[in-house]
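> Show me how the following folds:
(one chain, ligands or ions: 1)
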Amino acid sequence: MHGARARAGRERAIVTDADPTGPPVGELPAVADVVVVGAGITGAAVAHHLARRGAAVVVLEQAPRPGAAGATGSSGGMVRAYDPDPASAPLAVAGLAAYRDPGLWASGRAPLRAVGAVTVADPGREAVLRAAADRINAVLGTSAHVVAGPAEAAGVGLAGGIALVEPEAGWVAPAEVTADWLEQARADGAVVRCGVPVRAVEARGGRPAVVTGAGTVLAGAVVSAVGPWAADPVPGLRPVVPVRSRSIQVGVVGRGPAVPDHATFVDLRTGLYAKPVGADRTLIGMPHLVWDAPVGAPPDPGHARATVAALTAHFPWLVSAPYLDTVRAADAYGAPDRDGPASGLLTGTGVPHVWAVRGWNGGGVKTAPEAGRRIADAVLTHT
Ligand SMILES: Cc1cc2nc3c(=O)[nH]c(=O)nc-3n(C[C@H](O)[C@H](O)[C@H](O)COP(=O)(O)OP(=O)(O)OC[C@H]3O[C@@H](n4cnc5c(N)ncnc54)[C@H](O)[C@@H]3O)c2cc1C
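Reported below is the predicted structural model:
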């Protein structure tokens, strides 16, 4: 594989800078061990782990900046170790461990804002939540615990539910995490190019050729991490196990000085969620079951109003809170490929050595550190 790195210096195409205020754009290598398409949080995680293992990596992002155009740019970034999905649970535990560890980041700081995380569930799930808390604490040495009986936990009204409280969890800024991983990837030799949309991926001589307007990169392997664009991808990047784009819309409300602080929160019964944004605002969300809309679809005012109404059961102060903003984006939704590598985190595309990441179903920040590590391992094993 590493022959590509040696050849990269001799065979180059010139790329123009799409955004003079963005990261510097230089020459596009003509060859690479692995091309990662998409520089959202997933592509950045994969690129970081590949480059750390010595692969010659090229990251191609259509937007002028990484971590801005897709789901990552609008994401709330809530992270917690508990996940009810058994396939995601180990990824979430390892993800929280990574986000808490200052030694893993170019900045030298752990990205986690440990405001706590409250997972609300039906009281019938108390035994399940207690077992999960024990498992999490055994791995992470944390103080996760179940609150059953009180009406409130960590500033979140439980609305008749019980809660798994993780005081050491909270949220990260997804764009900041993305930038840090790309910085580490660059330091390990990766080439990151923004403003370079991939137009197609073709099989040439048994290997994938990644076609862009700025030149073609011949790759040992390709990882497609194009988020909701995977629902209607460019030729050569269609996942064998398809994903669909689903809307995610959140609101931002003001939190006055009299309102108590609160942890991040998700209610497994309803899908409602919230997180503090700084000291004086709160992001609120409710599932927005709109499928296959364009990634840039406009906000839905009816859903915004319904979100505030639904969340008042957990935050009574919302009744008089100023409503500040609505953010609409989308994520890729789909089932894991049971036959795919990396425990279903990857699926084929029909083009040899071209893999697509799975749909993250609205939870890809939480799992990205460990998903990126496992995907990098699998790509290097299968290429
Ligand atoms: C509003 C919102 C709130 C969320 N809250 C949470 C949360 O609290 N916790 C959590 O864990 N998850 C959350 N999520 C989900 C999480 O943010 C996503 O799962 C994750 O960001 C997906 O990252 P990605 O890199 O796979 O995709 P994206 O961030 O969408 O990145 C894909 C990238 O690929 C690029 N691209 C596409 N096509 C091409 C092409 N042809 N050539 C080159 N580049 C291309 C795009 O420009 C984009 O930058 C939320 C998502 C949203 C939208």
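> When you work out contacts or count neighbours from here on, use the C-alpha atoms and nothing else.
OK.
> residue boundaries of the strands in the stretch 251-383 of the chain?
In the stretch 251-383 of the chain, the strands defined using DSSP state E, counting those that start in this stretch lie at 264-267, 273-277, 281-285, 323-333, 346-348, 354-357.
> between those, which one is nearest to the ligand?
strand 323-333 (4.6 Å; CA to the nearest ligand atom).
> The closest one near the ligand at all?
Yes: contact of strand 323-333 with the ligand (CA under 6 Å from any ligand atom) involves 329-331.
> For the stretch 101-250 of the chain, which residues are neighbours of the ligand?
Checking the stretch 101-250 of the chain against the ligand by CA under 6 Å from any ligand atom, the hits are 197-199, 225-229, 234, 248-250.
> Can you tell me which of those residues are classed as buried?
197-199, 225-229, 248-250 (16 or more other CA atoms under 10 Å).
> okay if I get those as a markdown table plus distance to residue 121?
Below are those laid out as a markdown table (distance: CA to CA, whole Å):
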| residue | distance to residue 121 |
| --- | --- |
| 197 | 42 |
| 198 | 42 |
| 199 | 44 |
| 225 | 32 |
| 226 | 32 |
| 227 | 29 |
| 228 | 29 |
| 229 | 32 |
| 248 | 21 |
| 249 | 22 |
| 250 | 21 |
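> And those, which is closest to residue 370?
residue 225 (15.0 Å; CA to CA).
> rewinding a little: mean neighbour count, the strands of the stretch 251-383 of the chain: which tops it?
strand 354-357 (a mean of 29; mean count of other CA atoms under 10 Å).
> What's the mean pLDDT across stretch 298-311?
Stretch 298-311 carries an average pLDDT of 98.
> same check, this time on stretch 353-371
Stretch 353-371 comes out at a mean pLDDT of 97.
> Does that stretch reach the ligand?
Yes: Stretch 353-371 reaches the ligand (CA under 6 Å from any ligand atom) through 360, 362-366.
> Same list, the residues you listed, but as a markdown table with neighbour count please.
What follows is these, written out as a markdown table (neighbours: other CA atoms under 10 Å):
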| residue | neighbour count |
| --- | --- |
| 360 | 23 |
| 362 | 17 |
| 363 | 20 |
| 364 | 26 |
| 365 | 27 |
| 366 | 28 |
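> So which of these are in helices?
364-366 (DSSP state H).
> The strand or helix carrying residue 95 near the ligand at all?
Following DSSP states H and E, one finds residue 95 within helix 89-100. No: residues of helix 89-100 are not located near the ligand by CA under 6 Å from any ligand atom, the shortest gap being 8.8 Å.
> Packing partners of that helix?
strand 78-79, helix 126-140, helix 364-382 (3 or more CA pairs under 8 Å, 6 or more residues apart in numbering; DSSP states H and E).
> which one of those is the most hemmed in?
Taking mean count of other CA under 10 Å, strand 78-79 is the most buried of the helices and strands packed on helix 89-100, at a mean of 27.
> quick one: strands adjacent to that strand?
strand 170-171 (antiparallel) (DSSP bridges).
> Mind checking what helix or strand follows the partner strand in sequence?
Next element after strand 170-171 (DSSP H and E): helix 174-187.
> Can you give me the buried ones in that following helix?
174-186.
> With distance to residue 156 as added columns, please give the strands of the stretch 251-383 of the chain in a markdown table.
Putting the strands of the stretch 251-383 of the chain into a markdown table (distance: least, CA to CA, whole Å) gives the following:
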| stretch | distance to residue 156 |
| --- | --- |
| strand 264-267 | 7 |
| strand 273-277 | 9 |
| strand 281-285 | 12 |
| strand 323-333 | 19 |
| strand 346-348 | 36 |
| strand 354-357 | 34 |
